[in-house]
Structures are given as structure tokens and as C-alpha cells.
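Peer 1: Curious how this folds, go ahead:
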Amino acid sequence: MRNLDETTITDAVLARHEGQKSTRLGTIMTSLVRHLHAFAREVELTEAEWEAGIRFLTEAGNITDDKRQEFILLSDTLGLSMLVTAMASRKPQGCTEATVFGPFFVSDAPAYENGADVANGAPGKPCFVSGRIVGLDGQPVANAQIEVWQADEDGFYDVQYRDLASHRARGVLCSLSDGRYFFRTIVAEPYPIPHDGPVGKMLAALDRHPWRPAHLHFMITAPGYERLVTHVFREGDRYLDSDAVFGVRSSLIADWIEHPAGVAPDGTTLDEPFCTLAFDFVLNPAP
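Peer 2: Numbering: from 1, shown residues only. Next comes the predicted model:
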């Protein structure tokens, strides 16, 4: 095709996809082109703005490595991650809601027994977490794999440090025969997502803050049940209503109960205050 103009270019591109319309890729790319072209027309995108967008994406790629995923941050802050999660995680009433996965999960976290200290030296006030894993019918789910991770009191995940000898505030454990789980960690604190890169510049230009409310990440898998990826948020956090990545759900907010120094839930005596958190997870049966 020759002599295409701004009114005919979209149809010309879509015509190239006609042979792929029966595939999922063809469906996605056809819709993407249609919406991208409509967006450019709606805002009357200039060449300078298009070039700035290309530079933005290039910078996001350049800053991404095995410790940091800038494109996940971009997706999170645009609400796209939570939208996809919500569409993919429709569950019956009573199941624990899912939320965003986040960019700081690792697949080689250390395994722990129930009752262990998964903080592994991460700075923060001691916190003892416990609860049960059950199915929608209320029956306990035994031997469910529970992966937990969080930031420390300074707002950093272990993978953001370059000199740690082992993982901290991160671990994998399994529920007991009655569905119970329990471990020691540190109190969750609010923290900013990494904002020293292009996503941070975008937020600043939009007069948006980069902060997330305090939370613990959980990923729970068990045979016969759908995988659950979720957070537990700390009640009273100032950022619950303005989470930078739009991940808060009311059903996922819980109380971190403060206790004075003394005997902790694991029987040890602490000479500093500590917190406890109790939260049960309800899994959705697999189709």
C-alpha cells in the first residue's frame, strides 16, 4: 500500500493482521494497534512527545536488571497490574482476595519450619504472624506452601541490597495438618517504590507520591486449589487510600497488635516491644 495518510494508516496496519485473527496474538495485536492509533489521534500526539515516550521506555529497559523490574513498576503505577489481577482472580464470595504480585519476588527463598524467624536479621520491630489456611468449605488445607516476603523498616527488600550474604525478611513454609501456620518476622512499614528511575520521574511529573502502605506479601499454593497471590495490609496506615500501585482491598487490612516487652508467642522473653498479626486465608478450589 502506498500514499497512506492519517485517516487510512490504521486500516492498513490492521489489514496486515487479518491472517492472524484466529489466534490470541492476532486478537491482542489488532486491538492494541486500534487503541494506540485512537490514543494518538485523541491527544494529537506530536513527534517530540512520541520521541519522549520512546526515550522513557528505553530508560525503563536500561534500568531493569535481575534486581529491579521497571516495567512492572510502570504497570503497577498505571493500575494495569491490578486490573489484570482483578480480571484473572474472580473468586466466590468468602475467598481471600488477590492483589498485585509486585517486582520483588524471588523463586529461591529459603525454607523454614513453622515458628522460625524469617526476618533473618532484617532491621525492624519483632512481629509474630499466625493464622490458618482453609478452603472455601472451611476445611483446613494441610501442607500448603506459603511464600512470604516484605520490606524492612528502612523500606528496602533484601534484593535491593547488593552486599547481603543471604535472603532476609523472606521465606517459604508449609501449613500444618490443621491448616495452621506461624512464624516470626518484623513489623511491616510503609515504603516508597523505587522512584529514582523513569517511573519515579513520571510520578513526580504527575504530582503523585510513590508510597505503598505497610504490608506483607503472601503467595499460597496447594494441590486442588487456585494459587493465591495477595498482601495483608496494616490497619491505620496513612497510605491505605492512596497506594501508589492501587493494590489495597478492605478485606486484606488487619490489625498489628502491639505488646510491651515480655513473653512472646513463641515462649521467648523479649526486652523490647513486639507486635502480633493473625490472619486466615481462604483458598478457592481449582476448577
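
Peer 1: Longest helix in this structure, please.
Peer 2: Secondary structure of the chain per DSSP state H: the longest helix is helix 24-43.

Peer 1: Which residues are in contact with G200?
Peer 2: Going by Cβ atoms under 8 Å, 6 or more residues apart in numbering, G200 touches I193, P194, P210. Every residue, glycine included, has its C-beta placed from N, CA and C.

Peer 1: Need the contact partners of the longest strand seen in the chain.
Peer 2: If you go by DSSP state E, the chain has its longest strand at strand 126-135. Here strand 126-135 makes contact (Cβ under 8 Å, 6+ apart) with 119, 140-141, 144, 146, 148, 175, 178-188, 216, 220, 222, 225, 256, 264-266, 270, 272, 274-283, 285.

Peer 1: which stretches of the stretch 151-287 of the chain aren't confidently modelled?
Peer 2: Along the stretch 151-287 of the chain, no part satisfies pLDDT under 70.

Peer 1: all helices in it, in order from the N-terminus.
Peer 2: 198-205 (DSSP state H, counting those that start in this stretch).

Peer 1: Strands of that one, start to end?
Peer 2: With DSSP state E, counting those that start in this stretch as the criterion, the stretch 151-287 of the chain has strands at 170-174, 180-186, 191-192, 211-212, 215-221, 228-234, 253-254, 257-259, 262-263, 269-270, 274-278, 281-283.

Peer 1: For the fifth one, which strands pair with it and how are they oriented?
Peer 2: According to DSSP bridges, the neighbouring strands of strand 215-221, each with its direction, are strand 145-149 (antiparallel), strand 228-234 (antiparallel).

Peer 1: Put the alpha carbons of the last one into PDB.
Peer 2: In this case it means strand 228-234. The C-alpha trace of strand 228-234 is given here as PDB (Å, rounded to 0.1, in the frame of the first residue of the first chain):
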ATOM      1  CA  LEU A 228      -3.400 -17.100  45.800                       C
ATOM      2  CA  VAL A 229      -1.100 -14.000  45.500                       C
ATOM      3  CA  THR A 230      -2.000 -11.300  48.000                       C
ATOM      4  CA  HIS A 231      -1.000  -8.900  50.700                       C
ATOM      5  CA  VAL A 232      -2.000  -8.300  54.200                       C
ATOM      6  CA  PHE A 233      -2.100  -4.500  54.900                       C
ATOM      7  CA  ARG A 234      -1.600  -2.800  58.300                       C
END
